[in-house]
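1. Using only what follows, build the 3D model:
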Amino acid sequence: MEVLSGKRDAPSILLGRVGRYDPDGPAAEAEQNGAWAAWRQVGTTASPQQVLRMVADAGLRGRGGAAHATADKWRAAADTPAEERYLVANGFEADPGAQLDRLLLERDPHLVLEGVAIAAYAIGARRAIVAVKASAEAAIRRLRAAIAAAEEAGFLGPDALGSGFDLEVEVVGLPGGFVVGEETVLLRAIENKRAQPEQRPPFPAQKGLWGRPTVVNNVETLAAVPWIVANGPAAFAGIGDAAMPGTTLVQVTGAVARPGILELPTGTSLRTIVNDICGGARKGGRLKALLVGGPTGGLLPAGDNDIAYAARQLEAAGAVMGSGTIVALDDGVCLFEMATLLQRFLSDESCGKTIPCRIGVRRMYEIGQRATEGLARPTDPQLLLDLAADVRDGGMCGLERLAPNPFLSGMRYFAQEFEDHFVRRTCPAGVCAQLTAQPTMSAQPAT
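-> Okay, here's the model as predicted:
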């Protein structure tokens, strides 16, 4: 997927080296382009406590969806007495349409590995694991080549940088579906156990892999750490949204003129991302909605959308940062059918551990499906809302807690289109074959 230029007034923290060196080449080539300089600085001049303080002062928060304070995770693991600790870089990228983690892993693996090394040093972990999908063959190959090159150069392995710190980094390819992206499920999968979430607390930072303290960070989160060390926490904290500073990767696809992946300061408005950078609707079309955050994301209006792309603001709007994806939907898409299909996907991907997820998510899909077939019942809208509340409140993992988002956001912003299916048994987009096509004004086009 094409990498687009983001805002010109912001630094490129994550994509600055993409395309400037051969990921399969020696570490020296990456080093010439700035790789490993921050790790060298840490390994020779900074204590683990000083690194923790830098990350805390920078205000770095997780880019994997939950937006937890990174330093809090690190400190919890570092403060938990243990003979051994682990650092896990989550590059599983559960959303089947997302390519953000893959972009970093394939095109700048040394950046991710440098962030892994700094994080492991900060928490006192002598072993780190980069977890990816088993099908991501290019990412696995390039990561292993980069690890070998870094070990040969002395950046990783026994006595890394002559600092007395030993660090073994391993790449683990995992099978499995959407739920494996959740951190406790990921850890069970690494242990070769059934991929189901664990009750929290205790959190992985206190009791994770093989019962030892384990920090799980998304690869994008770790990729930001070298820049913080090299440029100082204040510089990072001054970029983007004050509550979630820095830059983030966003993947925009669907009915836009210029789809692609871009790096932007957090807090950039959806209008700027979709209209100004990606050119708005492709020729001859009109945008109706944006699916923000992947399968567990929310359906937001496309027109005049000034919602900030940051965790807190998106959550308030009914969406999530999630997988970092935005799918632009035009007038030819039936949003009710889209929400129903997403619910089917989430039901199929559920591990089935809890009753609300195993049964509730499936029932939500079934309610949507019968409405697309003209068989809606008068009680279905309220039943859907009641089920959504039960599923969300009983959630053990992110899939379950966020599964109702497509329906809830659709009913919030596109009430008339959803009522058309539930009450009037019509489909404004003319997509649901067994319903009458009846155009409505249920959505405002992008300007």
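
2. Please make it C-alpha for all contacts and neighbour counts, starting now.
-> Fine.

3. Any buried residues in the longest helix along the chain, and which?
-> If each helix of the chain is counted by residues according to DSSP state H, the longest one is helix 137-153. For helix 137-153, the neighbour count (16 or more other Cα atoms under 10 Å) marks Ala139, Ile140, Arg142, Leu143, Arg144, Ala145, Ala146, Ile147, Ala148, Ala149, Ala150, Glu151 as buried.

4. burial count for the nearest residue to Asn405 once chain neighbours are set aside?
-> Nearest residue to Asn405, sequence neighbours excluded (Cα to Cα, 6 or more residues apart in numbering): Gly298, at 5.3 Å. Using other Cα atoms under 10 Å, Gly298 has 31 other residues around it.

5. who's in contact with Gly298?
-> Residues in contact with Gly298 (Cα atoms under 8 Å, 6 or more residues apart in numbering) are Leu290, Leu291, Val292, Gly318, Ala319, Val320, Asn405, Pro406, Leu408, Ser409, Gly410.

6. so it bridges to which residues?
-> Partner residues in beta bridges with Gly298, using DSSP bridges, are Val292.

7. picking that back up, turn the buried residues of helix 137-153 into JSON lines, columns for pLDDT and distance to Gly6.
-> What follows is the buried residues of helix 137-153, written out as JSON lines (pLDDT from 0 to 100; distance: Cα to Cα, whole Å):
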{"residue": "Ala139", "pLDDT": "97", "distance to Gly6": "24"}
{"residue": "Ile140", "pLDDT": "97", "distance to Gly6": "28"}
{"residue": "Arg142", "pLDDT": "96", "distance to Gly6": "26"}
{"residue": "Leu143", "pLDDT": "97", "distance to Gly6": "26"}
{"residue": "Arg144", "pLDDT": "97", "distance to Gly6": "30"}
{"residue": "Ala145", "pLDDT": "95", "distance to Gly6": "30"}
{"residue": "Ala146", "pLDDT": "96", "distance to Gly6": "27"}
{"residue": "Ile147", "pLDDT": "96", "distance to Gly6": "30"}
{"residue": "Ala148", "pLDDT": "96", "distance to Gly6": "33"}
{"residue": "Ala149", "pLDDT": "95", "distance to Gly6": "31"}
{"residue": "Ala150", "pLDDT": "95", "distance to Gly6": "30"}
{"residue": "Glu151", "pLDDT": "96", "distance to Gly6": "34"}
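
8. Using CSV, write out every CA atom in stretch 5-13.
-> Extracted C-alpha coordinates of stretch 5-13, given in CSV (Å, rounded to 0.1, in the frame of the first residue of the first chain):
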residue,chain,number,x,y,z
SER,A,5,2.8,12.3,3.0
GLY,A,6,1.2,13.5,6.3
LYS,A,7,1.2,17.0,7.8
ARG,A,8,4.4,18.8,6.7
ASP,A,9,4.7,20.7,10.0
ALA,A,10,5.2,17.4,12.1
PRO,A,11,8.3,15.2,12.3
SER,A,12,8.3,11.7,10.9
ILE,A,13,8.9,9.6,14.0
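
9. C-alpha coordinates for the helix or strand just after the longest helix of the chain, PDB please?
-> Sequence-wise, the next helix or strand downstream of helix 137-153 (DSSP states H and E) is strand 157-160. Below are the C-alpha coordinates for strand 157-160, written out as PDB (Å, rounded to 0.1, in the frame of the first residue of the first chain):
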ATOM      1  CA  GLY A 157      22.900 -10.800  22.300                       C
ATOM      2  CA  PRO A 158      25.200 -11.400  25.300                       C
ATOM      3  CA  ASP A 159      26.800  -8.200  26.700                       C
ATOM      4  CA  ALA A 160      25.000  -5.900  24.200                       C
END
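
10. and the next helix or strand after strand 157-160 with helix 137-153, angle?
-> Past strand 157-160, further along toward the C-terminus, the next helix or strand under DSSP H and E is strand 165-174. Put simply, strand 165-174 runs at 170 degrees to helix 137-153, going by axes from the mean of the first three to the mean of the last three Cα atoms, to 10 degrees.

11. got the contact list for strand 165-174?
-> Outside strand 165-174, the residues touching it (Cα under 8 Å, 6+ apart) are 92, 117, 120-121, 125-136, 140, 143-144, 147, 156-160, 189-190.

12. Any of those residues buried? List them.
-> 92, 117, 120-121, 125-133, 136, 140, 143-144, 147, 156-158, 160, 189-190.

13. So which of the buried residues of helix 137-153 is the closest to Leu335?
-> Each of these was scored against Leu335 by Cα to Cα, and Ala139 proved nearest at 34.3 Å.

14. Tell me where the chain has strands.
-> 86-91, 127-133, 157-160, 165-174, 214-218, 240-241, 244-245, 247-254, 260-265, 287-292, 298-301, 325-330, 426-427, 436-437 (DSSP state E).

15. residues of the fourth one that come out buried?
-> Of the residues in strand 165-174, those buried by neighbour count under the rule 16+ other Cα under 10 Å are Phe165, Asp166, Leu167, Glu168, Val169, Val171, Val172, Gly173, Leu174.

16. so where's the stretch 151-300 of the chain shaky on pLDDT?
-> Judged against pLDDT under 70, the stretch 151-300 of the chain has no low-scoring part.

17. Next, count neighbours for Met316.
-> Wrong residue type there; residue 316 is Ala, not Met. Counted with other Cα under 10 Å, Ala316 comes out at 10.

18. related to what we said a few turns ago, let me have the strands of the chain in TSV, extended by distance to Phe336.
-> TSV is the format used below for the strands of the chain (distance: least, Cα to Cα, whole Å):
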stretch	distance to Phe336
strand 86-91	31
strand 127-133	31
strand 157-160	53
strand 165-174	33
strand 214-218	32
strand 240-241	32
strand 244-245	32
strand 247-254	17
strand 260-265	26
strand 287-292	12
strand 298-301	10
strand 325-330	12
strand 426-427	9
strand 436-437	13
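
19. so which of those strands comes closest to Gly6?
-> strand 260-265 (5.5 Å).

20. Quick one: list the elements packing against the closest one.
-> strand 247-254 (3 or more Cα pairs under 8 Å, 6 or more residues apart in numbering; DSSP states H and E).

21. so what does the strand it packs on touch, helix or strand wise?
-> Counting by 3+ Cα pairs under 8 Å, 6+ apart, strand 247-254 packs on helix 100-107, strand 260-265, strand 325-330.

22. ok now do the closest residue in space to Glu151 that isn't next to it in sequence, which residues does it touch?
-> Using Cα to Cα, 6+ apart and skipping the chain neighbours, the partner closest in space to Glu151 is Gly157 (5.5 Å). Going by Cα under 8 Å, 6+ apart, Gly157 touches Glu151, Asp166, Leu167, Glu168, Val169.
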